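A.B. asks: Sequence and predicted structure below; questions after.
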Amino acid sequence: RRHAKPLSKLRLEHVVPGRGCYPGFMCRSRRPLFAAALLTGVLSTSAFSATNRPAASPRAIEMAKQWLLVDTHVDLPYRLHDHPEDVTKRTPGGDFDVPRARAGGLDAPFMSIYLPAKLQEENGASRRLADQLIDMVEGLARTSPRDFELARSVADVRRIAASGRIALPMGMENGSGIENDLGLLEHFHRRGIRYVTLTHGKVNNLSDSSYDPERRWHGLSPLGRAAVVEMNRLGIMVDVSHVSDETFDDVIALSRAPVIASHSSCRHFTPGFERNLDDERIRQLGARGGVLMINFGGAFLRDDIRRQHDAFRERHDAWQKQLGHEPSADEEKGFLAEAVAKEKPIRATLADVVAQIRHAVDLAGVDHVGLGSDFDGVGDSLPDGLRDVSMYPNLIEALLTAGFSEADVKKIAGENLLRVWSEVEAVAAAGT
C-alpha cells in the first residue's frame, strides 16, 4: 500500500508560540489534531528535548563560512505567516534565524512558498496565499537590508553572499498557485519564484502526487505538460519532489533543462515510500544533469522512523474516533504525553544523512546531490546534530570524516544546485 505521509505542514494558528513539537515527530500537519503536539510544556521537557549536538571542527566551521552553502527548502515564510517574529534575532522556536544561519554558514536558503493542498478547493486561494507569502519574504529583505536581499539569479546569490548577507531565493511548493492560468507562471517568475514543486499532498491541475492514491492524470496533466515547457522558457526550475513516479517520468522526458528534487531523499532506505526517489529515478535525474537535494526529516531518512510515524497517526485517529468529538488541547496533551511515555520516538542521526548522501552519490554521481533540509517544515523529527541552520558544519565534518573530499563536499553544499540553476537560466536565455 501507499504509506501515509509524514506529519508535516502545521496550520500555525493552532500553535502556541515558542513551544516544541511532539518530540521526535514531524508536526506541521494540515490537520489541527496534530497541532496540539506543539501546545505542551510536558513534552518539551521530556528526554527527547536534548539535541545531542556534536562539535564540528574549526576546519569544518571555516569551510561552511567560506563556501557557498545553499539549502533549497526552508519553510520560514509559512512558519511566520500566523506567528510573526523577528528572525534577525535568536528566536525561541523554529529552525531558522539570522544568528543561527550565520553560525552555520548558510548563504542562500530557498524560502518555500508553501501552498496547502486544501486551498485547491477554493478558486484563487492558492494564488492569494502565494502572493502573501512572497510579500512576507520581500518584507524581510526590505526591513532588514543588512541581513537579507532577494535573489533572482545565480549571479545574485554569489554577489549577495560576497557582501556578507543572506540571499533569499524563493521556490513555490505546490503548483496549485498558478490555478488554471499559465500566465501566472510569468507573474510568479517576475516576483522571484525560481522553482515550482508541481504538486504537494493531493493531485492538482498539473500532476499526480506521491501522497495521493488518486492517479487522475497518470503523470502530468495537459496543463502540467504546458507548465513544464513554460517553466523552461522562463528559467524556473522544475521540482519533482512530492510528485508520483509517473509524473517524474513525464517530466524527465519532457524538460529541456535539468530538474531538481528540492527536498527528497532515497527510497532505498524507506521502501514503498513514493515521496522519496527510487534508485533508477535517481540515476535518471543525474543522467539528465539534475540534482537530488536530501531532506533531513527523520521519516525521509529511515524506514523505522517512517513506520513509527504511520503507526502514531493510526493510533491517534483511532483514539479520536473513540473519543467521538474534536479533542480539546488538554485531551491532546494527555494523549501525546501517554504516547511518549509508552514509546520513545526514534531519532535519526547525522550518520543517516551521510548514508543518504553516499547512496545518492553512488547512483547519480557527486555532481548531482545537494541539501534540501526542510527546516521549519518537519518539526521535531530532525536528526541529532542537525537540528537547525546553525549545524551545517556538523554535516560537513561528518562528510569529510566519511571520506568525501573537500572539493566534493563543496559541490554538495551548494555548487551543484547553482550549476543546475545556471543551466536552467541558459536554456531560458537560448529560447527554442
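C.D. replies: Arrived safely. Residues are numbered from 1 along each chain as shown.
A.B. asks: tell me which residues in stretch 145-158 are buried?
C.D. replies: By neighbour count on 16 or more other CB atoms under 10 Å, the buried set for stretch 145-158 is 147-152, 154, 156-158. (C-beta placed from N, C-alpha, C; glycine too.)
A.B. asks: out of those, which are inside strands?
C.D. replies: Of the positions in the buried residues of stretch 145-158, 148-150 sit in strands, assigned by DSSP state E.
A.B. asks: quick one: which of the residues you listed is nearest residue 316?
C.D. replies: Ranked by distance to residue 316 (CB to CB), those are led by residue 148 at 38.1 Å.
A.B. asks: Residue 114 versus that closest one, what's the distance?
C.D. replies: As judged by CB to CB, to the nearest Å, residue 148 and residue 114 stand 19 Å apart.
A.B. asks: again with residue 373
C.D. replies: Taking CB to CB, one finds residue 373 at 14 Å from residue 114.
A.B. asks: Same check on residue 108?
C.D. replies: 18 Å.
A.B. asks: do the same with residue 71
C.D. replies: For residue 71 relative to residue 114 (CB to CB), the value is 15 Å.
A.B. asks: Same question for residue 139.
C.D. replies: 17 Å.
A.B. asks: These two: who's more crowded?
C.D. replies: residue 114 (26 against 13; other CB atoms under 10 Å).
A.B. asks: if I pick residue 360, what's in contact with it?
C.D. replies: 266, 282, 292, 294, 368-369 (CB atoms under 8 Å, 6 or more residues apart in numbering).
A.B. asks: if you set the cut-off to 6 Å instead, what comes out?
C.D. replies: 266, 282, 292, 369 (CB atoms under 6 Å, 6 or more residues apart in numbering).
A.B. asks: Name the helix or strand for it, please.
C.D. replies: helix 350-364 (DSSP states H and E).
A.B. asks: after that helix, next one along is what?
C.D. replies: Counting by DSSP H and E, what follows helix 350-364 is strand 369-371.
A.B. asks: pLDDT averaged over the very next helix or strand once past that next one - what is it?
C.D. replies: Downstream of strand 369-371, the next assigned helix or strand under DSSP H and E is helix 392-401. Averaged across helix 392-401, the pLDDT comes to 98.
A.B. asks: Quick one: distance of helix 392-401 to the chain centre.
C.D. replies: Helix 392-401 sits 20 Å away from the centroid of its parent chain (CA atoms, centre = their mean, to the nearest Å).
A.B. asks: what mean pLDDT does the following helix or strand past it have?
C.D. replies: Per DSSP H and E, helix 392-401 leads on to helix 406-410 as the next helix or strand towards the C-terminus. Helix 406-410 carries an average pLDDT of 98.
A.B. asks: again with stretch 362-382
C.D. replies: 97.
A.B. asks: List the buried residues for that stretch?
C.D. replies: 363-364, 366-382.
A.B. asks: Check stretch 67-74 too.
C.D. replies: For stretch 67-74, by 16+ other CB under 10 Å, it's 67-74.
A.B. asks: Could you do stretch 206-225 as well?
C.D. replies: Those would be 206-212, 217, 219-221, 223-225, for stretch 206-225 by 16+ other CB under 10 Å.
A.B. asks: Of the contacts of residue 360, which is the most crowded?
C.D. replies: residue 292 (32 neighbours).
A.B. asks: what's the spacing between the residue minimising distance to the centre of the chain and residue 73?
C.D. replies: The centroid of the chain falls nearest to residue 374 when counting by CA atoms, centre = their mean (3.0 Å). To residue 73, residue 374 is 5 Å away according to CB to CB.
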